[in-house]
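Novice: starting from these lines, generate the structure:
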Amino acid sequence: MIASSSTRGTAIPTYNLSLLGFGNVNRTLAQLLAQREAELRALEIEWRITGIASRRLGWIADPGGLAPYLRADGNVNLDAVPKVARTSANVRDWLAAARADVLFEATSLSLEDGQPAIDHMRAALAHGAHAITANKGPIVHAYRELRDLASRRARRFLFESTVMDGVPIFSLFRENLPVVRLEGFRGILNSTTNMILGEMEAGVTFDAAVKKAQDMGLAETDATHDIEGWDASVKVVALVTVLMDKSACGTLNARASATLPPSKCVQPAPRVDPTNWCAVRGAPGQALKRESLRSRCH
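Specialist: As a prediction, the model looks like this:
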């Protein structure tokens, strides 16, 4: 516990944060936390990063904090990390070694089964940590299980950034509209395809528009999930599952693609109605009318 500088003389709890997946999302989170340290302390929140893990870095944990091993650009200086901080063999050992109070999970999405992100969430809640994810897989494949597990453990299971980035869509309903019954919704759920279509309307070729989206950081190096409509489709399922309390996994059949294998949630369909796509790919160089490409995801 760290003594508060407030006149009340109360103590401020320090939260041990563990970051699983250390790509752009969690590296940026670490930088934002450092930039907003004074504001967070004014809200009586103290924190330290005690765990970082990724395929490249392995499992790194130090309950005293990993600040000495973080470079100014947000990356980890592996040469400075002692061997004692790299002894964990799995997520459960790592959470225990880091004495994690909060897990921020930002690993890659698996459309097929949501793993291993679901197991990461289970491990965090079983450990007694709050579980926060930017991964849509646990919402699509295991929302109710994880919600109920968090309730039993008196911990929070949060996933606000899975849809519409930081826009508080899930908490808006949970905190402010608890008795409102959502009947449907419509909107742009994928900024990459929205940007690509805008460029193509201006006469830019499809390939050039994709490259521009990648250069801007909107699209991944492999933009398949965006271009083929999977990102928007999975977001629709997440919204329906959480906000409408319906088992919507099967609705992904309407956006099935031969590029992905069958799974528990995603099964190939014999025909896709283009008017129901949540993202549409046009031919390279083709001028497209936005009115003809609006998503009908309701």
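
Novice: against Ile118, how distant is His141?
Specialist: Distance of His141 to Ile118, given as C-beta to C-beta, to the nearest Å: 6 Å. No exception for glycine: its C-beta is placed from N, CA and C like everyone else's.

Novice: before we move on, what about Asn135?
Specialist: Asn135 sits at a distance of 9 Å from Ile118 (criterion: C-beta to C-beta).

Novice: quick one, strands of this structure?
Specialist: Here the chain has its strands, by DSSP state E, at 2-3, 11-12, 14-20, 46-54, 58-61, 102-105, 130-133, 157-158.

Novice: now render those as TSV, adding mean neighbour count.
Specialist: As requested, the strands of the chain are arranged in TSV below (neighbours: other C-beta atoms under 10 Å):
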stretch	mean neighbour count
strand 2-3	10
strand 11-12	14
strand 14-20	23
strand 46-54	22
strand 58-61	22
strand 102-105	25
strand 130-133	24
strand 157-158	20
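
Novice: got TSV for those strands, with mean pLDDT and distance to Phe206 too?
Specialist: Output for the strands of the chain, formatted as TSV (pLDDT from 0 to 100; distance: least, C-beta to C-beta, whole Å):
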stretch	mean pLDDT	distance to Phe206
strand 2-3	29	54
strand 11-12	78	52
strand 14-20	97	35
strand 46-54	96	32
strand 58-61	96	39
strand 102-105	98	33
strand 130-133	97	32
strand 157-158	98	36
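
Novice: in the stretch 51-200 of the chain, where is pLDDT below threshold?
Specialist: Within the stretch 51-200 of the chain, no range satisfies pLDDT under 70.

Novice: all helices for it, in order.
Specialist: Along the stretch 51-200 of the chain, the segments classed as helices by DSSP state H, counting those that start in this stretch run 91-98, 117-127, 137-152, 169-171, 191-201.

Novice: for Asp245, find the nearest of these.
Specialist: In terms of C-beta to C-beta, the element of the helices of the stretch 51-200 of the chain nearest to Asp245 is helix 137-152, at 9.0 Å.

Novice: could you dump the helices of the stretch 51-200 of the chain to CSV with distance to Val179 and mean neighbour count?
Specialist: Output for those, formatted as CSV (distance: least, C-beta to C-beta, whole Å; neighbours: other C-beta atoms under 10 Å):
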stretch, distance to Val179, mean neighbour count
helix 91-98, 36, 22
helix 117-127, 27, 23
helix 137-152, 18, 19
helix 169-171, 16, 17
helix 191-201, 31, 20
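
Novice: redo those helices as TSV? Include distance to Asp62.
Specialist: Conversion of those to TSV gives the following (distance: least, C-beta to C-beta, whole Å):
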stretch	distance to Asp62
helix 91-98	7
helix 117-127	17
helix 137-152	26
helix 169-171	32
helix 191-201	37
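
Novice: give the contact list for Ile45.
Specialist: Contacts of Ile45 were listed using C-beta atoms under 8 Å, 6 or more residues apart in numbering, and they are Ile12, Tyr15.
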